[in-house]
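Visitor: Here's a sequence, model it:
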Amino acid sequence: MKNRLLFFSIVTTILLSSCAKMNDKHDDFLARGETVYIGKVDSVRALPGRERLLLKYWLSDPRAKTLTLTWGTNNANSRVLTIDPHNPSDELEVSFEGENALSEGNYTFNWVSMDDHGNKSMVLETLASVYGPLYQEKLLNRRVTETNINDGGDILVTWAGSSSEEEIGVELFYTNRSGEPVTEFYTSFLNNQLTMDDADYTKGVSYRTLYKPDPNAIDTFYTDIISMDITKIVNVSVGKPVTVGSVHQDNPASFGGENAVDGNYATSAPRWISGDADGTHWIEIDLQGEYAVNGFMSWNGNGNYTSYPLSDITLSVWDGTDWVRVFSVTGNTEGIVGGNFNSVTTEKVKFESASKTRIYEIEIYSIIRY
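Guide: Below is the predicted model of the structure:
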């Protein structure tokens, strides 16, 4: 019996002690007062830029009077914003530019709102990026794979595909056919092709590629402006002075060498016809200037037909001292013959045949770059 009374006495003492401790904690809580939280920032939208940043946010709790924004290592950087009266749906913003500009990098921002009594909100954490020289350095101009100029003088441009989803377009700079400077912006190209039908290709075309690192970015980034490599294959022999080794004796006035470079190979009348003698027959063309030539074409025949094929043909260029052969063919059976060769700069070319020659036209080609 005595043991049972002792047991109940010990349990009662422990319970009374626990209740006393709980009352002490309750007293401490009442002394500190109840913790009151106000509404935190509802949402944030980051608009990055070139070493600057615009943050747009929504804060619907009307009790919020100030907003503390911290970032950096151990939240070492901070700004305190005053919240003016506004509608809950109003968009508010804070910018980092000028003296508040941010260097390039990724940032974590902590947002805490506060009322006039010092009551704070829970922390809202958001992420944002700022762009600068490192981003700029990696940007590439969209590549042009080919340019051609058609008979009407239009520039046909073929582009490579975009190298990045951040590319937003290409800006072109050129002079139109009325002599006016033009700037055009293209967001895309159908089948990666573009026809420039009003550009003066002799004045050149330049371009740059535009990027946005983020769809919400407030700044557009540009590559350097570069010249487009516009090329045109030009017949540089038409109308140029010629010298021939021989002329057909029946009518030398009508069959002179100048007929081979008059630009007409569609009719039989204007031709150069060499003499009948066996051996090599040749025509030299003075280009009247230096050209980088890389191909030729000749039409040989009679009676409006490219008949009488020249079986053995050579084409040589003058290097300032001697003739250098750049093309030759033997056993040819075609009335129209030509070919390409490595580009070489020269002022004169020489066409030779091992048999009687009836030439409607000879064209010497040079790739001209603008």
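
Visitor: Would you tell me which strand is longest in this protein?
Guide: Longest strand in the chain, counting residues (DSSP state E): strand 281-300.

Visitor: Could you pull out the buried residues of it?
Guide: For strand 281-300, the neighbour count (16 or more other Cβ atoms under 10 Å) marks 281-285, 287, 291, 293-296, 298-300 as buried. Bear in mind the C-beta positions are built from the backbone N, C-alpha and C, glycine included.

Visitor: Could you point out the helix or strand that follows it?
Guide: Where DSSP states H and E defines the elements, the next helix or strand beyond strand 281-300 is strand 313-318.

Visitor: Any chance you could list what contacts stretch 279-293?
Guide: By Cβ atoms under 8 Å, 6 or more residues apart in numbering, the surrounding residues in contact with stretch 279-293 are 236-237, 240-246, 257, 260-261, 272, 274-275, 317, 343-357, 359, 362, 364-367.

Visitor: And those residues, which of them are buried?
Guide: The buried subset of the contacts of stretch 279-293 - by 16+ other Cβ under 10 Å - is 236-237, 240, 242, 244-246, 257, 260-261, 272, 274-275, 317, 346, 348-353, 355-357, 359, 362, 364-366.

Visitor: Those residues in strands, which ones?
Guide: Among these, DSSP E puts 242, 244, 272, 317, 346, 348-353, 359, 362, 364-366 in strands.

Visitor: quick one: which of those residues is nearest Asn110?
Guide: Nearest to Asn110 out of those is Ser366 (Cβ to Cβ; 67.2 Å).

Visitor: Please tell me I have it right and the closest one contacts Phe296.
Guide: No: between Ser366 and Phe296 there is no contact under Cβ atoms under 8 Å: 10.3 Å.

Visitor: what's the angle between the longest strand of the chain and strand 313-318?
Guide: Counting by axes from the mean of the first three to the mean of the last three Cα atoms, to 10 degrees, strand 281-300 lies at 120 degrees to strand 313-318.

Visitor: ends of stretch 52-69, how far apart?
Guide: Start to finish, the residues bounding stretch 52-69 are 16 Å apart (Cα to Cα, to the nearest Å).

Visitor: Would you mark the buried spots in it?
Guide: Within stretch 52-69, the residues scored as buried using 16+ other Cβ under 10 Å are Arg52, Leu53, Leu54, Leu55, Tyr57, Leu59, Asp61, Ala64, Leu67, Thr68, Leu69.
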